[in-house]
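Novice: coordinates only, no sequence provided:
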């Protein structure tokens with residue numbers, strides 16, 4: 001479970017950092033690019049990428065899918081928060097858990113025991129209670145907000161499945177594949193940014209550079225340990241899918257309350273208790 005815990009800490013740290021810097025004038029696109037520069041460099045040097053291993057057996061389809069989806073979901077999530085509000089976007093992201101759970105059953109053929117079904121049910125109920133903030137979310141009702149919410153839901157769900165498939169791919173080490181995922185994401189981000197804005201990326205601000213570098217380090221830690229967790233629980237993907245989602249929302253809510261003085265109503269507190277219970281049940285279900 002230590003791999004999963006480290007991945008949760010990395011993911012939540014990104015959200016905490018964004019909360020700290022949102023008051024400054026940042027450019028999300030420049031941060032995304034710097035983020036993938038850092039993740040690519042870390043993967044290249046830490047994992048000692050061997051280009052001689054490039055062959056027809058590489059999972060090119062999964063690498064391409066993740067290379068496109070990872071930077072895209074950054075942008076989609078950013079605009080979803082802008083048009084639909086933070087609460088609705090958070091709900092869409094957490095409910096995306098349903099996609100990999102279905103994949104675990106029908107694609108990875110995991111046999112769930114009764115206790116794990118109960119844990120999933122308790123966890124999904126906890127998501128509802130934790131995200132119940134009253135009438136604080138924007139209610140635009142526009143096609144634009146619906147589009148970005150759907151994109152957030154589908155994007156995070158499909159990304160989880162792709163990472164699981166990459167972790168199980170045995171022809172080459174997943175660490176080698178991750179470098180190509182990050183490099184693909186970097187190249188596509190650079191091309192899209194250059195074409196879309198016609199700006200010189202080398203003129204980015206110090207804040208965007210520092211923010212992108214810091215987030216890149218956190219994302220690297222998050223993804224590496226997420227992959228290790230999938231390898232460790234190779235026959236129990238729901239443990240990783242559900243544990244990651246419930247863990248992130250539990251820890252994120254606690255930090256929001258303690259660090260940013262975010263209000264917790266009675267339903268939120270019930271949700272925290274249920275999320276903790278769901279995680280405990282998932283751990284017990286392994287025995």
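Specialist: Everything's here; your move. All values reported here derive from a predicted model rather than from experimental measurement.
Novice: all helices for this structure, in order.
Specialist: 2-21, 28-46, 60-84, 86-95, 98-106, 114-130, 143-168, 174-197, 206-232, 237-260, 266-284 (DSSP state H).
Novice: let's have the ones you listed in JSON lines, adding mean neighbour count, mean pLDDT and distance to residue 54.
Specialist: To be clear about C-beta, it is placed using only N, CA and C from the backbone, and glycine gets the same treatment. What follows is those, written out as JSON lines (neighbours: other CB atoms under 10 Å; pLDDT from 0 to 100; distance: least, CB to CB, whole Å):
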{"stretch": "helix 2-21", "mean neighbour count": "18", "mean pLDDT": "86", "distance to residue 54": "28"}
{"stretch": "helix 28-46", "mean neighbour count": "21", "mean pLDDT": "93", "distance to residue 54": "14"}
{"stretch": "helix 60-84", "mean neighbour count": "19", "mean pLDDT": "88", "distance to residue 54": "10"}
{"stretch": "helix 86-95", "mean neighbour count": "21", "mean pLDDT": "75", "distance to residue 54": "34"}
{"stretch": "helix 98-106", "mean neighbour count": "18", "mean pLDDT": "87", "distance to residue 54": "28"}
{"stretch": "helix 114-130", "mean neighbour count": "19", "mean pLDDT": "87", "distance to residue 54": "39"}
{"stretch": "helix 143-168", "mean neighbour count": "19", "mean pLDDT": "89", "distance to residue 54": "16"}
{"stretch": "helix 174-197", "mean neighbour count": "19", "mean pLDDT": "89", "distance to residue 54": "8"}
{"stretch": "helix 206-232", "mean neighbour count": "20", "mean pLDDT": "92", "distance to residue 54": "20"}
{"stretch": "helix 237-260", "mean neighbour count": "21", "mean pLDDT": "84", "distance to residue 54": "28"}
{"stretch": "helix 266-284", "mean neighbour count": "18", "mean pLDDT": "88", "distance to residue 54": "38"}
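Novice: nearest to residue 53, of the ones you listed?
Specialist: helix 174-197 (5.9 Å; CB to CB).
Novice: re the thing from before, for the helices of the chain, give me CSV that also has distance to residue 53.
Specialist: Listed next are the helices of the chain as CSV, based on distance: least, CB to CB, whole Å:
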stretch, distance to residue 53
helix 2-21, 24
helix 28-46, 13
helix 60-84, 13
helix 86-95, 34
helix 98-106, 28
helix 114-130, 37
helix 143-168, 15
helix 174-197, 6
helix 206-232, 17
helix 237-260, 26
helix 266-284, 35
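Novice: what is the burial count for residue 56?
Specialist: 6 (other CB atoms under 10 Å).
Novice: quick one: pLDDT of it?
Specialist: On pLDDT, residue 56 comes in at 73.
Novice: what of residue 137?
Specialist: So, for residue 137, pLDDT stands at 46.
Novice: over to the one 5 residues further on?
Specialist: What the model reports for residue 142 is a pLDDT of 66.
Novice: ok, residue 84 touching residue 148?
Specialist: Yes. Assessed by CB atoms under 8 Å, residue 84 is found in contact with residue 148 at 6.1 Å.
Novice: quick revisit: which of the helices of the chain sits closest to residue 52?
Specialist: helix 174-197 (10.6 Å).
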